[in-house]
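S.K.: show me the folded form of this:
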Amino acid sequence: MLPEVEAWLAGRMSAAADWPVGSLMAAKGSTTVSVVLPARDEAGTVGEIVSAIRRDLVEAVPLVDELIVIDSRSTDDTADEAVRAGAKVIAQDEILPELDGPAYDGKGEALWKSLAVTSGDLLVFVDADLREFRTSFVTGLLGPLLADPSVAYVKGCYDRPFIGPDEQEARTGGRVTELVARPLLNLHWPLLAGFVQPLAGEYAGRREVLERVPFVTGYGVELALLIDLLDLVGLGALAQVDLGRRVHSHQTTEALGRMAGQIMHTAWSRLERQNKIIPMGAPSLRLTQFERGPAGHRPVEREISVAERPAMATIPQYASRALR
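M.R.: This next block holds a predicted model:
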């Protein structure tokens, strides 16, 4: 590990327990906070998460000023559950409908569009599929931002147990992180080697910084944010908080393969943009996987291209605050 990373871990690593609500309220002042949950078909968990945040951080203490769920084309009762629990729900496709070009899909699109419909100085992003959710996820991420104005972005880390169909627990969560994301970062962006969970879905940042970086619309959004923010503000403006334990649903190996493909595309685009490689050709946008059928293995081709939204600050409708 680079000496700079060792020093960063010593100075920018904390735990959620280091940031009690009382100290955050004392530091909050006039700063406003928006919590955003991007959600697609998470009716089974989104209500519990929203209820906890509203109870502990809106009603018990006024730490969170805005609680927003971005419904990313759900086909279940995600929106209804979130509304009943006390969140404001906005459909992804209803945000900035006047933009030219295609309506993109994916988590990154929901996160990017949330900038246009929130008003907080600080934004906290929390995945909507968490089980055993604790509001210390939110307070932990806010701590470094409220305590130190030089911190621009805070990433959560945690243990990620794998809960199998038989409800047995194993310490094998984060497979794409260990097999793809971490090797890529160590190879090409070693200053980011200190991030325990670079693909974690829980993070927070200052609006003035988040609006200045592009958002990948697919699964590469977390990796892209880390790389782009390192380039924009430097390692010293990034921080990491240990949130303890994160339990959530897990995807199939085939789905993880598609996720890995998108993450590799995201890394490729950053390597090319930062002149770290000299490409001799463009990478394929297709991934061939195999399914077994009556006649044996059948190839199935899937799209793994990665679309990207520009920095929100460059969007005229956002810059003029027409929607805020």
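
S.K.: what's the closest non-adjacent residue to the residue most central in space within the chain?
M.R.: Closest to where the C-alpha atoms of the chain average out (C-alpha atoms, centre = their mean) is G201, at 3.6 Å. Distance criterion C-beta to C-beta, 6 or more residues apart in numbering; nearest residue to G201, sequence neighbours excluded, is D127 at 3.7 Å. The way it works is simple: take the backbone N, C-alpha and C, and place the C-beta from them, glycine included.

S.K.: P102: how many residues sit nearby?
M.R.: For P102, the number of neighbouring residues by other C-beta atoms under 10 Å comes to 8.

S.K.: T252 too?
M.R.: Quick note: T252 (other C-beta under 10 Å) scores 8 neighbours.

S.K.: confidence score at it?
M.R.: pLDDT, T252: 86.

S.K.: kindly report the same for the one 3 residues further on.
M.R.: Looking at A255, its pLDDT reads 88.

S.K.: would you double-check that it falls in a strand?
M.R.: No - counting by DSSP: H, G, I helix; E, B strand; the rest coil, A255 is not found in a strand; it is helix.

S.K.: burial check on it, number of neighbours?
M.R.: Count around A255 with other C-beta under 10 Å applied: 14.

S.K.: against L232, how distant is it?
M.R.: 31 Å (C-beta to C-beta, to the nearest Å).

S.K.: so where is the stretch 51-200 of the chain shaky, pLDDT-wise?
M.R.: 162-173 (pLDDT under 70).

S.K.: how about the helices in it?
M.R.: Along the stretch 51-200 of the chain, counting by DSSP state H, counting those that start in this stretch, helices occupy 78-85, 107-117, 136-147, 175-176, 182-188.

S.K.: can I get these in JSON lines with mean neighbour count and distance to A39?
M.R.: Shown next, in JSON lines, are the helices of the stretch 51-200 of the chain (neighbours: other C-beta atoms under 10 Å; distance: least, C-beta to C-beta, whole Å):
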{"stretch": "helix 78-85", "mean neighbour count": "20", "distance to A39": "5"}
{"stretch": "helix 107-117", "mean neighbour count": "25", "distance to A39": "8"}
{"stretch": "helix 136-147", "mean neighbour count": "25", "distance to A39": "15"}
{"stretch": "helix 175-176", "mean neighbour count": "18", "distance to A39": "21"}
{"stretch": "helix 182-188", "mean neighbour count": "16", "distance to A39": "27"}
